[in-house]
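Colleague: Below: sequence and its predicted model.
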Amino acid sequence: MKKALVTGITGQDGFHLTELLLGKGYKVCGLLNGQRNSRVIEFAEKFPQVELIQGDLTDFSSLIRAIDVSSPSELYNLGAISFVGLSFQQPELTADVTGLGPLRLLEAIRTLGAEKDIRFYQASSSEMFGKVQEIPQNEKTRFYPRSPYGVAKVYAHQICVNYRESYDMHVSCGILFNHEGENRGEEFVTRKISKGVVDIAKGRLDKIKLGTLEPKRDWGYAGDYVEAMWLMLQQNDPDDYVIATGKHHSVRDFLALALKIVGLDGDPESYVTIDKNFIRPAEVDLLVGDFSKAKNVLGWEPKTSFEELVQKMVEFD
């Protein structure tokens, strides 16, 4: 039986990846920082067979213990301070968890002498492209991050590449573009919209508080994207892959479609209160990925359309 250790297991991608791995017969363990985790009960009720191990991406000794106890053949690092807006308010914490966390994991693997035994997946991000240097973005596009989160992800990505090349470790990075779903946290704009339009339709809310409606993103379904993570670790050779849909839509597009699904008419702006607190000091205007390498090498492509994604989220809420 294959064993997997997943950091950030109670996050959106952790839910989907756990479901995928259990379906493939894996024994799954999750790294859990219980003091700062509000989704433990929900996760444990859904996946009682998963062993949750106490640990923290800022605590090297706890990572050594977690890897030693779980003895995984695959380690998926999904853990991070993942809310971009928060990274502007807590840049040092973001650097420590999101940037240095992967380094500590890689060093823990080396300390245990497990370089050849564990295949490592790093959750890289389209936010690394930031102020995009070409459209669409692929694995060779230059990084130009526009947030502390993006900068931390660049460091994590590059240190993973360095360890792969320096120590011949099986380390693959998935440069995932925005991916959403029913497990998305309510602080993220897509979930604010899907939940907000339902509350408006039911008379529980007048308007949704959002920042700008202009940014354009390449939005896919998280349930599709975790399959790409798994496929990367099944390859003979480690590598980096852009995971995206190749299509982009604005926040306004997302809102307009969600309103249509619940039967609300009119200008999308009329359902929104613009809150300056949600506007980033430096915004990323357009992200759209080229997933041709993932399609050609991994045999992966997105299954869920933008319309199906929004429908799925609204119906869930």
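Modeller: Ah, there it is.
Colleague: How far off centre is the one helix or strand S61 maps to?
Modeller: In the assignment (DSSP states H and E), S61 maps to helix 60-70. Distance, stretch centre to chain centre, for helix 60-70: 23 Å (Cα atoms, centre = their mean, to the nearest Å).
Colleague: Mind giving me the packing neighbours of that helix?
Modeller: Helices and strands touching helix 60-70, by 3 or more Cβ pairs under 8 Å, 6 or more residues apart in numbering; DSSP states H and E, are strand 3-7, strand 27-32, strand 51-54, helix 100-111. All C-beta atoms are positioned from the backbone trio N, CA, C, and that covers glycine.
Colleague: what comes up buried for the last one?
Modeller: Of the residues in helix 100-111, those buried by neighbour count under the rule 16 or more other Cβ atoms under 10 Å are 100-109.
Colleague: ok, now the shortest one?
Modeller: Of the residues in strand 51-54, those scored as buried under the neighbour-count criterion (16+ other Cβ under 10 Å) are 52-53.
Colleague: Relative to the whole chain's centre, how far out is it?
Modeller: Strand 51-54 sits 21 Å away from the centroid of its parent chain (Cα atoms, centre = their mean).
Colleague: Equivalent analysis for the first one, please.
Modeller: Centroid displacement of strand 3-7 relative to its chain, using Cα atoms, centre = their mean, is 16 Å.
Colleague: tell me the mean pLDDT for it?
Modeller: The average pLDDT for strand 3-7 rounds to 98.
Colleague: which residues sit against whichever helix or strand comes after that strand?
Modeller: Later in the chain than strand 3-7, the nearest helix or strand by DSSP H and E is helix 12-23. Helix 12-23 has contacts (Cβ atoms under 8 Å, 6 or more residues apart in numbering) with 4, 6, 8-9, 28, 30, 43, 46-47, 49-50, 76, 78, 123, 179-181, 183-185, 222-223, 225-227, 229-230.
Colleague: Helix 12-23 to strand 3-7, inter-axis angle?
Modeller: Interaxial angle, helix 12-23 versus strand 3-7 (axes from the mean of the first three to the mean of the last three Cα atoms, to 10 degrees): 170 degrees.
Colleague: Start the count at 10 instead of 1 going forward.
Modeller: Got it, the first residue is 10 from now on, which makes the last one we talked about helix 21-32.
Colleague: Report the buried residues of helix 21-32.
Modeller: Buried residues in helix 21-32 (16+ other Cβ under 10 Å): 21-30.
Colleague: Now do that helix against strand 36-41, angle only.
Modeller: Using the same axes, to 10 degrees: helix 21-32 against strand 36-41 is 160 degrees.
Colleague: Identify each of the helices in the stretch 110-259 of the chain and give its residue range.
Modeller: 157-176, 198-210, 231-241 (DSSP state H, counting those that start in this stretch).
Colleague: what comes into contact with the helix or strand of the chain with the lowest mean pLDDT?
Modeller: Ranked by mean pLDDT, DSSP states H and E, the helix or strand of the chain with the weakest confidence is helix 93-98, at a mean of 81. Residues outside helix 93-98 that contact it (Cβ under 8 Å, 6+ apart): 90, 103, 107, 136, 156-159, 161, 196, 287, 289-290.
Colleague: Buried subset of these as a PyMOL selection?
Modeller: To isolate the buried ones among those in PyMOL, judged by 16+ other Cβ under 10 Å, type:
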select buried, resi 90+103+107+136+156+157+158+159+161+289
